[in-house]
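**Student:** Fold the following, please.
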Amino acid sequence: MLRMSTLSNLAWSSGATRPSAVLVAPALLVGAAMVLPLAYLIIRSAGASSEAWELLFRLRTGQILGRSALLVIVVVAGTLALGVPLAWLTSRTDVPMRRLLSVLTALPLVIPTYVGAFLAISALGPRGLVQGMLEPLGVSRLPEIYGLPGAAGTLILLSYPYVLLTVRAALRRMDPSLDESARLLGHGPASAFFKLTLPQLRPAMSAGALLVALYTISDFGAVSLMRYESFTWAIYQQYQGTFDRSIAAVLALGLVSLAAVVLLVENITRGNRRYYRSSSGSERSLATLKLGRMRWPCFIFVWAVVLTGLGLPASVLAYWLINGIAHGEPLLLLWEAARNAVIVSFLAAVVAALLAIPVAALSVRHPGYLSTLVDKISHTGYALPGIVVALALVFFGSRVATPLYQTVWLLVFAYVVLFLPAALGAVRSSIVQISPRLEESARILGKGQLRVMLSVTGPLMRPGLLMGGALVFLVTMKELPATLILGPLGFKTLATAVWSASSEAFFAQAAAPALMLILSSSVPMAVLMLRERSR
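**Tutor:** Below is the predicted model of the structure:
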């Protein structure tokens with residue numbers, strides 16, 4: 001009895017309620033599934049030579065690690081600076097055309113970073129489209145975009161929707177009495193935002209920033225094309241340049257260490273404050289805030305971000321498409337690839353959103369060492385390059401789960417391992433805003449924890465579930481390495497079609513599937529956003 005009591009105290013924080021097996025069991029199963037890539041890296045690294053381990057501790061490796069950390073800091077700061085005000089403007093204010101803007105501001109997330117980086121280079125680089133237009137005006141050379149400015153700028157413009165969607169879901173759950181109190185105290189929209197709204201968004205901002213940081217750590221497309229040496233770049237070089245994958249596995253463990261630091265920082269910045277309402281008042285819609293004289297400047301700001309992050313890539317793609325057709329290139333509309341991409345992305349979104357519920361609920365409602373461990377392990381796949389996760393699942397599928405090998409279901413599982421944190425952040429930020437008193441009242445009335453989750457907590461966290469599912473859908477649509485390695489024979493998606501054409505420098509052929517990728521992602525995103533705004 002003493003031993004069991006000691007283990008219980010280690011598993012849960014003092015004062016925290018003990019969860020039932022209905023919640024613990026699925027959370028542990030999710031954590032066990034998410035640890036597969038890490039287990040693969042440990043197995044591979046165990047057989048690595050001493051030279052491989054020495055490589056990890058060289059000065060050159062430390063410099064690359066420092067460059068990766070600098071990139072993470074710059075990108076996180078930039079995405080917070082864009083995502084938070086955009087979420088507030090498109091969900092809480094009277095900015096013109098906000099329904100349309102609420103959809104458009106989320107769509108840059110669907111553009112693959114390697115496509116976005118190449119489009120930026122072709123438009124803004126030396127001898128690019130912009131310089132060609134400015135040459136008659138005497139502009140002979142544009143500022144250099146390679147290195148940290150180009151890599152960070154591309155990642156900021158394509159990943160700020162992580163913050164935008166997470167914060168927007170939190171804004172929908174916010175107590176309307178906060179705004180009413182601010183108005184009674186004489187605060188204007190800006191003052192109320194900084195003094196009352198922004199502190200309440202801390203968990204959502206932390207969750208969005210965590211996704212951006214892990215996404216930046218694992219990115220290869222933007223950093224490679226922008227010639228910025230990052231840790232992921234070094235791992236890919238090892239995978240492509242040698243047959244000994246143990247060296248790359250050792251370097252990937254170094255990447256996991258960087259992700260662990262990011263998770264620690266996020267855990268500290270998130271804090272343990274209460275973000276749900278204290279009173280038992282009924283749910284009410286949030287009032288639309290009047291911007292007054294700032295209405296049109298804010299409108300211009302939002303459209304400037306949309307045109308830069310979405311309009312510029314779409315325009316360059318349209319230019320390639322029209323130019324290719326004019327020179328006799330066939331117009332390739334890959335409907336089968338589009339259907340495949342939508343189906344697997346939808347499956348991954350549903351599975352990831354459902355699996356995020358027990359992990360997020362355990363972390364929020366029952367804090368302790370075990371819940372923290374499960375939560376952090378569930379984020380590791382997102383920090384690893386897609387090729388590492390894919391190879392881990394090839395190892396697992398070929399040796400353990402042979403019936404799943406070379407099937408769509410193993411591919412969907414890979415997507416869930418990679419992108420579960422995208423759903424976790426949004427679901428967690430919703431649960432944080434739900435008062436535990438509602439659940440306690442249902443338990444007093446005799447409902448079990450499963451029925452409480454389905455009938456009380458589930459409906460209240462629907463905005464977080466939808467946003468989390470939307471995030472997973474968008475990032476799955478553009479996933480490339482896992483699809484190439486784990487997809488069944490002959491299985492093509494729009495991302496693989498874009499990659500096949502662009503890798504051969506057939507940019508006109510890549511333009512059509514790239515535009516289809518954006519359009520096929522925008523339709524379900526638009527339906528989701530408009531449905532949420534009508535509630």
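**Student:** Could I get the buried residue list for the helix or strand hosting Gly66?
**Tutor:** Under the criterion DSSP states H and E, the helix or strand holding Gly66 is helix 59-92. Neighbour counts using 16 or more other Cβ atoms under 10 Å place 61, 64-65, 67-69, 71-72, 74-76, 78-80, 82-92 of helix 59-92 among the buried residues. Any C-beta I mention is one placed from the backbone N, CA and C, and that applies to glycine too.
**Student:** roughly how far out does that helix sit from the chain middle?
**Tutor:** 13 Å (Cα atoms, centre = their mean, to the nearest Å).
**Student:** Who are the packing partners of that helix?
**Tutor:** In this structure, helix 59-92 packs against helix 98-104, helix 148-172, helix 202-218, helix 231-241, helix 245-270, helix 295-306, with contacts taken as 3 or more Cβ pairs under 8 Å, 6 or more residues apart in numbering; DSSP states H and E.
**Student:** For the shortest one, give me every contacting residue.
**Tutor:** Residues lying outside helix 98-104 but in contact with it, judged by Cβ atoms under 8 Å, 6 or more residues apart in numbering, are 89-91, 95, 168, 302-303, 306, 310, 522, 525-526, 529-530, 533.
**Student:** and the nearest residue to Leu255 once chain neighbours are set aside, how far is that from Val167?
**Tutor:** Beyond its immediate neighbours in the sequence, the residue positioned closest to Leu255 (Cβ to Cβ, 6 or more residues apart in numbering) is Phe231, lying 5.1 Å away. Spatial separation of Phe231 from Val167 under the definition Cβ to Cβ, to the nearest Å is 28 Å.
**Student:** So which residues make contact with stretch 42-58?
**Tutor:** Counting by Cβ under 8 Å, 6+ apart, 61, 244-247, 249-251, 253-254, 395 sit against stretch 42-58.
**Student:** Leu354: which of those is nearest?
**Tutor:** Using Cβ to Cβ, Phe395 is the member of the contacts of stretch 42-58 that sits closest to Leu354, with 26.0 Å.
**Student:** from memory the closest one sits against Ala39, does it?
**Tutor:** No. Counting by Cβ atoms under 8 Å, Phe395 stays clear of Ala39, with 9.3 Å between them.
**Student:** okay, the two: which has more neighbours?
**Tutor:** Here Phe395 and Ala39 are set side by side on neighbour count (other Cβ atoms under 10 Å), and the busier one is Phe395, at 16 against 13.
**Student:** got a list of what the more buried one touches?
**Tutor:** 40, 43.
**Student:** where along the stretch 301-450 of the chain do the helices fall?
**Tutor:** In the stretch 301-450 of the chain, helices defined by DSSP state H, counting those that start in this stretch lie at 312-326, 335-365, 369-377, 380-383, 386-399, 408-432, 436-444, 449-452, listed in chain order.
**Student:** can I get those helices in TSV with distance to Ala204 and mean pLDDT?
**Tutor:** Supplementary listing: the helices of the stretch 301-450 of the chain in TSV, determined by distance: least, Cβ to Cβ, whole Å; pLDDT from 0 to 100:
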stretch	distance to Ala204	mean pLDDT
helix 312-326	27	81
helix 335-365	13	88
helix 369-377	16	83
helix 380-383	17	76
helix 386-399	26	82
helix 408-432	4	86
helix 436-444	18	65
helix 449-452	24	65
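**Student:** Of all these, which one is nearest Tyr162?
**Tutor:** Between Tyr162 and the helices of the stretch 301-450 of the chain, the shortest separation by Cβ to Cβ is 7.2 Å, and it involves helix 408-432.
**Student:** Kindly calculate the angle that the closest one makes with helix 148-172.
**Tutor:** Using axes from the mean of the first three to the mean of the last three Cα atoms, to 10 degrees, one finds that helix 408-432 and helix 148-172 are set 60 degrees apart in direction.
**Student:** by contact count, what packs against helix 408-432?
**Tutor:** helix 21-34, helix 148-172, helix 202-218, helix 335-365, helix 380-383, helix 386-399, helix 462-477, helix 481-486.
**Student:** so who does the spatially closest residue to Thr372 that is not a sequence neighbour touch?
**Tutor:** In space, not counting the residues next to it along the chain, Thr372 is nearest to Ser363; the distance is 7.0 Å by Cβ to Cβ, 6+ apart. By Cβ under 8 Å, 6+ apart, the contact set of Ser363 is 371-372, 374-375, 428.
**Student:** Mind doing that once more with 10 Å?
**Tutor:** Remark: with contacts taken as Cβ atoms under 10 Å, 6 or more residues apart in numbering, Ser363 is in contact with 27, 370-376, 378, 424, 427-428, 431-432.
**Student:** Considering those residues, which possesses the most neighbours?
**Tutor:** Counting neighbours by other Cβ under 10 Å, Val427 leads the contacts of Ser363 with 33 neighbours.
**Student:** re the thing from before, just the closest of the contacts of Ser363 to Ala326, please.
**Tutor:** For the contacts of Ser363, the residue nearest Ala326 by Cβ to Cβ is Leu424; the value is 46.7 Å.
**Student:** Settle this for me: the closest one is touching Leu362, isn't it.
**Tutor:** No. Counting by Cβ atoms under 10 Å, no contact exists between Leu424 and Leu362, whose distance comes to 11.2 Å.
**Student:** Now list whatever residues contact both of the two.
**Tutor:** With contacts taken as Cβ under 10 Å, 6+ apart, Leu424 and Leu362 have 30, 375 as neighbours in common.
**Student:** any weak-confidence spans in the stretch 101-250 of the chain?
**Tutor:** 125-129, 131-135, 138-141, 173-190, 192, 239-245 (pLDDT under 70).
**Student:** tell me the secondary structure for Phe491?
**Tutor:** Applying DSSP: H, G, I helix; E, B strand; the rest coil to Phe491 yields a three-state assignment of coil.
**Student:** Noted, bye for now.
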